[in-house]
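S.K.: predicted model and sequence follow; I will ask about them next.
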Amino acid sequence: AMEKMSRVTTALGGSALTGRTMHCHLDAPANAISVCRDAAQVVVAGRSIFKIYAIEDEQFVEKLNLRVGRKPSLNLSCADVVWHQMDENLLATAATNGVVVTWNLGRPSRNKQDQLFTEHKRTVNKVCFHPTEAHVLLSGSQDGFMKCFDLRRKDSVSTFSGEAPEAGRADGEVLWVCHRPPDVFPESTKKVGLEVSTPPSRPPRLGRRQACDSSPQSLQGLPPWLLSLLEPLTFSPHGPPPAGQSESVRDVQFSIRDYFTFASTFENGNVQLWDIRRPDRCERMFTAHNGPVFCCDWHPEDRGWLATGGRDKMVKVWDMTTHRAKEVHCVQTIASVARVKWRPECRHHLATCSMMVDHNIYVWDVRRPFVPAAMFEEHRDVTTGIAWRHPHDPSFLLSGSKDSTLCQHLFRDASQPVERANPEGLCYGLFGDLAFAAKESLVATESGRKPYAGDRRHPIFFKRKLDPAEPFVGLASSALSVFEIEPGSGSMSWFVDTAERYALAGRPLAELCDHNAKVARELGRNQVAQTWTMLRIIYCSPGLASATSLNHSVGKGSSCGVPLMNSFNLKDMAPGLGSETRLDRSKGDTRSDTVLLDSSATLITNEDNEETEGSDVPADYLLGDVEGEEEELYLLDPEHAHPEEPEYVLPQEAFPLRHEIVDTPPGPEHLQDKADSPHVSGSEADAASLAPVDSSFSLISIPHALYDTRLPPDFFSALVCDMLRFYAEQGDVQMAVSVLIVLGERVRKDIDEQTQEHWYASYIDLLQRFCLWNVSNQVVKLSTSRAISCLNQASTTLHVNCSHCKRPMSSRGWVCDRCHRCASMCAVCHHVVKGLFVWCQGCSHGGHLQHIMKWLEGSSHCPAGCGHLCEYS
Amino acid sequence: MVSVINTVDTSHEDMIHDAQMDYYGTRLATCSSDRSVKIFDVRNGGQILIADLRGHEGPVWQVAWAHPMYGNILASCSYDRKVIIWKEENGTWEKTHEHTGHDSSVNSVCWAPHDYGLILACGSSDGAISLLTYTGEGQWEVKKISNAHAIGCNAVSWAPAVVPGSLIDQPSGQKPNYIKKFASGGCDNLIKLWKEEEDGQWKEEQKLEAHSDWVRDVAWAPSIGLPTSTIASCSQDGRVFIWTCDDTSGNTWSPKLLHKFSDVVWHVSWSITANILAVSGGDNKVTLWKESVDGQWVCISDVNKGQGSVSASITEGQQNEQ
């Protein structure tokens, strides 16, 4: 991957920073790295490595090995290293044995070691130079102390204890105190966080290293506040508290802006803020993390912003300028945070690496705390040190790792999880509704993020605006909406209604077909309605029915009753004959329709009739979706419907005779209406007179053919099967299964078992998704496929308690073996309940459904008299 | 054509990456960059927060509901390389299993058809796909397909359960011998079909090549109706393909370009009867597609046709309203 990575040149006020993503192998794992202020060299320190590398355009070049001498000293086992940002020759290391060492690269000898401070008792975790004072060094150790060194002296200038100033400790019992009271300092510098970084309050800066080789006693140019600390510093009689009492110090960092301030972090989760002049007590302390705080970093520009990282996997940004430290941001990373470094020139970015598990380096936008803005994945083991190469260049990051490599990362080569992230969620719901979540406009953040309360018609989204200049800008949020798709394009309400209303068994075939056709029509599913009607034509003998109805109709003097089923069929089918446009239908049409239904099945009441009459049906009859199968069927008719099969046998389910026509025949105005309708009048006339059919209406040939030369249903079975397959293919497996059940043996043999099983299984699954348990059960029961019907015999476990002794019933029947009583007694009538038994789950008393319902109308107490307030849902 | 019936205030603090309705269409699970997974009751246009699941340590990319016959179970996958399986017990949702077998972000999770038992497929940026099978008593068995997709796997989707031969031909008392298959899409621009061999190992069965950029989503259509297999795929290249396989051996797949969009296409989702495909793209727009009688895919809900409120999209007009 390295090859394709780009080179980057950054102009930094004249001098340019160039380079590419690259790495070099070290001899040993690194523990820490630090960059020289010239941005051209980096120092790598570890247990057994201490080297300086030059950062060249194409590679790292080893420049200096600082581990000299025959036998390696523990003093060289480095936990941390820091390169002075003012002095290119000055470095400091923290040793795992507690020694703080300074190095002077200007020494002529091979050994560059300068000072050795052996004051800490345990590993020194961190060393930090003062950003503007050449000789001031701060260390933080596992022993719980922080020490401030003046590099011209042999001993530390002051010691700071990480021990919490406990409430119980009296003021006089401070373990050690600074001899000189701090009030000698200029008034303006006393308060931490104030304008102390600028003159005049600022002490004069030390000359460059001029004191370095001189004796520690030469104190020329030392800041007065340091001088004040140096001489009379005495400790309380007991000396410093024994090591181990204080919390281990994990990090110390001088504030970049506030001259006297430094922050320290501790293993117990605390962060302390110190004034360098006041070792007696910290200025402020607060609990920043749950568990150890491994690192902190002051924001290079925002005074008072301190980032801290902890084992709790969080990076927190604190505003230290307020009275109490205020958490302003919190980034949640994947693993414990070992290092944190603000990214130069990018106000909200910081880089982190982890102590374990995760080997990657992440750059976060603190305003987007959940997704890293960038990620560097080069290391194969834990990353131990990270450093931005130049304090004003945001694109070069250096890192050292336990995998013994030193890397230079270019920001533009980083992988960007944000860009990979899917900004949308989409899901088709069961009811044909769509859930859609999409990224909201980022602009909304500025205007207070007032969510737009979308109404039904207007989705709440905005077009996503990406500012290419700042790809990771700020907060991202999404809006989630559920959309409804209107019937016809995907809503599933028709499915539920149809499933609930279809009749699948228990009545003659013709009735079932008519009923189902009616259901379909009422749901606006005309193609399906036509199919049912056709099935009736195909499989039911119309002869008897027609004749009977005809008699009735004629007897009542109605001309429109005459066409009966056939005219009805005609009417519904006529559109299917190829007309692609909407057919205008008169009231009269509808009328004959309903009359027929009344006469053929008693399912429709007068009211229904009125409704049908009143409602303007045409809207329902959109014919665009008429499918090929029906057309084929019609076309077949004229060719085949002729006397080739003279001996027609009536099907078994002959249409039963009807006693009477419920509805009154239409009045003259209907006739009038009908006359206005050119489509129907002809056919009706035909039907009424039983005259030969106009050849243009091929369908009309059916009734006649059926009378004398009806085709056997077998003839159509291939077509019917095709049609079922078509429905199934369209996703309407409901139709396929319903027809399969209604027609039973008539078509079953023509469709292979596996397909049938598949349809059944699909339909049952759908029914169950819609919680249509009863329908599902009925379908299972009615299915002729063994594999399906045995679904109902799958094990069902019912756990029941005896209503008398309240103990669990054994599996044997309904007699409790403990109290030897029948458990299924009705509490109302005291008879054994056979069939539907309903009982309260609270007191386990119950009885016949009707009895209990009736009882509950009068009382909410248990009919058994147990005093329980029964609940039935 | 399309109207908003419910705007869910998820209170997620960052981008939402996935939203999934459960089997009964009554609950909606969402997941976000803010590391949380939330479950809402959306019955009757409501939006009651049922659960706020915390446990991931990075953005949560996807969620998937298991079939309710196994209880209320939700799987989620995250940037933190983990897959968490959540379960509702006595009204409270809790973590029941955590799978940590991936070396990089886990991008997609999908439950197998319920007929096979509880099996979860997980696709990861480490290029591997892992299959978790519940073996009872809180134990999950893991199978891993390494190097399934170079650079990473973005999506997984199971084929519907298909049994060779009729159900009644199966030996009684035994589980039918299902042919388990799933599709995956990845950063190698490929869609791959995987099949479980008789020895229980997963083998690459097919490689479907048509996309010219990362495949972002694959969706195997539910097999309501005919046993024809259909897969929809979408990609970073803006294209959506419909792949169909008519032959029973399942080896000949032919792609049909549904549409070429001008932006990344993130998601494809089938309606439950598999007759409508919803497509969402980088322009925050959802379009609905249906196959016409002549086999062409037509957009039945689209901005340009001016049918009502523009297929759940964002229009400039509405933006101006703001």
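M.R.: Yep, that arrived. Owing to the predicted nature of the structure, the values given are computational and were not obtained by experimental measurement.
S.K.: helix, strand or coil for A:Ser399?
M.R.: When classified by DSSP: H, G, I helix; E, B strand; the rest coil, A:Ser399 comes out as strand.
S.K.: so who does it touch?
M.R.: A:Ser399 sits next to A:33, A:353, A:361, A:376, A:378-379, A:383, A:385-387, A:406-407, A:409 when contact means Cβ atoms under 8 Å, 6 or more residues apart in numbering or on different chains. For the C-beta atoms, the positions are set from N, CA and C on the backbone; glycine is no exception.
S.K.: let me have those residues in JSON lines, extended by secondary structure.
M.R.: JSON lines is the format used below for the contacts of A:Ser399 (three-state DSSP):
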{"residue": "A:Ile33", "secondary structure": "strand"}
{"residue": "A:Cys353", "secondary structure": "strand"}
{"residue": "A:Ile361", "secondary structure": "strand"}
{"residue": "A:Phe376", "secondary structure": "strand"}
{"residue": "A:Glu378", "secondary structure": "coil"}
{"residue": "A:His379", "secondary structure": "coil"}
{"residue": "A:Thr383", "secondary structure": "strand"}
{"residue": "A:Gly385", "secondary structure": "strand"}
{"residue": "A:Ile386", "secondary structure": "strand"}
{"residue": "A:Ala387", "secondary structure": "strand"}
{"residue": "A:Leu406", "secondary structure": "strand"}
{"residue": "A:Cys407", "secondary structure": "strand"}
{"residue": "A:His409", "secondary structure": "strand"}
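S.K.: closest one to B:Glu291 out of these, please.
M.R.: Nearest to B:Glu291 among the contacts of A:Ser399 is A:Phe376, at 46.4 Å by Cβ to Cβ.
S.K.: hang on, the closest one packs against A:His409?
M.R.: Yes: between A:Phe376 and A:His409 there is a contact under Cβ atoms under 8 Å: 4.5 Å.
S.K.: nearest to A:Thr123, of the contacts of A:Ser399?
M.R.: Checking these against A:Thr123 with Cβ to Cβ, the nearest one is A:Gly385 at 16.1 Å.
S.K.: tally of neighbours for that closest one?
M.R.: By other Cβ atoms under 10 Å in any protein chain shown, 25 other residues sit near A:Gly385.
S.K.: dump the residue contacts of the closest residue to A:Thr287 other than its chain neighbours.
M.R.: Counting by Cβ to Cβ, 6 or more residues apart in numbering or on different chains, A:Thr287 lies nearest to A:Gly269, which is 5.0 Å off, once chain neighbours are set aside. Each residue near A:Gly269 by Cβ under 8 Å, 6+ apart is listed here: A:287-293, A:310.
S.K.: and the strands in the stretch 51-200 of chain A?
M.R.: With DSSP state E, counting those that start in this stretch, the ranges of strands along the stretch 51-200 of chain A come out as A:60-65, A:78-83, A:90-95, A:100-104, A:113-117, A:124-129, A:136-141, A:145-150, A:156-161.
S.K.: how about these, which one is nearest chain B?
M.R.: Shortest separation from chain B across the strands of the stretch 51-200 of chain A is recorded for strand A:124-129, at 25.5 Å, computed as Cβ to the nearest Cβ.
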